[in-house]
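Undergrad: Model the structure of this input:
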Amino acid sequence: MMAAPYEVRMNDNGKSKKQSMAELKLRRLTELNQRLQEDLNRRRIPVSEAAADLIAFTDKEPKDFMVPSRWGTVDKRDDPYAPQPQGGCCTMM
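TA: Residues are numbered from 1 along each chain as shown. All right, here's what the predicted structure looks like:
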């Protein structure tokens, strides 16, 4: 006896292939919805508040020699980015 061409085929747990695909699609949409909900619930702050926090953070941290407009000029011997004096690289003992 030959199966009808449009017969619903069952898999090993008794569910049709269409039902399994629908459940998979539902699970993916549910997971996406959950991620979007978490994104929506994330704490948000205004840019002005974030900028003020960043400025306050840089005031507390050690001086940044790359921002002389904020910290003023740096003595050459204290500046790690200043060119090192040329005098050779070896010491004879």
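Undergrad: excluding its backbone neighbours, what's nearest Lys63?
TA: With CB to CB, 6 or more residues apart in numbering as the criterion, Lys63 has its nearest non-adjacent residue at 4.7 Å, and that residue is Trp71. For glycine as for every other residue, the C-beta is placed from the backbone atoms N, C-alpha and C.
Undergrad: For this protein, which helix or strand comes out least confident on mean pLDDT?
TA: In the chain, no helix or strand scores lower on mean pLDDT, DSSP states H and E than helix 68-71, which sits at a mean of 72.
Undergrad: and Leu24, what pLDDT?
TA: Looking at Leu24, its pLDDT stands at 92.
Undergrad: One more: the one 5 residues further on?
TA: At Leu29, the predicted lDDT confidence score is 97.
Undergrad: just Tyr6 next, same as before
TA: In this model, Tyr6 is scored at 61, pLDDT.
Undergrad: The spatially most central residue of the chain and Ile45: what is the separation?
TA: What sits nearest the mean C-alpha location of the chain, by CA atoms, centre = their mean, is Asp39, with 13.2 Å. To Ile45, Asp39 is 15 Å away according to CB to CB, to the nearest Å.
Undergrad: With Ala51 instead?
TA: Relative to Ile45, and taking CB to CB, Ala51 is found at 10 Å.
Undergrad: Count the residues that sit near Val74.
TA: Val74 has 16 neighbours, counted by other CB atoms under 10 Å.
Undergrad: now do Lys63
TA: Counted with other CB under 10 Å, residues neighbouring Lys63 total 13.
Undergrad: And Lys60, by the same measure?
TA: Counted with other CB under 10 Å, the neighbours of Lys60 add up to 6.
Undergrad: now it: how far from Pro68?
TA: Between Lys60 and Pro68 the computed distance is 19 Å (CB to CB).
Undergrad: Check Pro46 too.
TA: From Pro46 over to Pro68 (counting by CB to CB), the distance is 30 Å.
Undergrad: what do you get for Lys76?
TA: Distance, Lys76 to Pro68, using CB to CB: 13 Å.
Undergrad: before we move on, what about Ile55?
TA: Applying CB to CB, the value for Ile55 to Pro68 is 17 Å.
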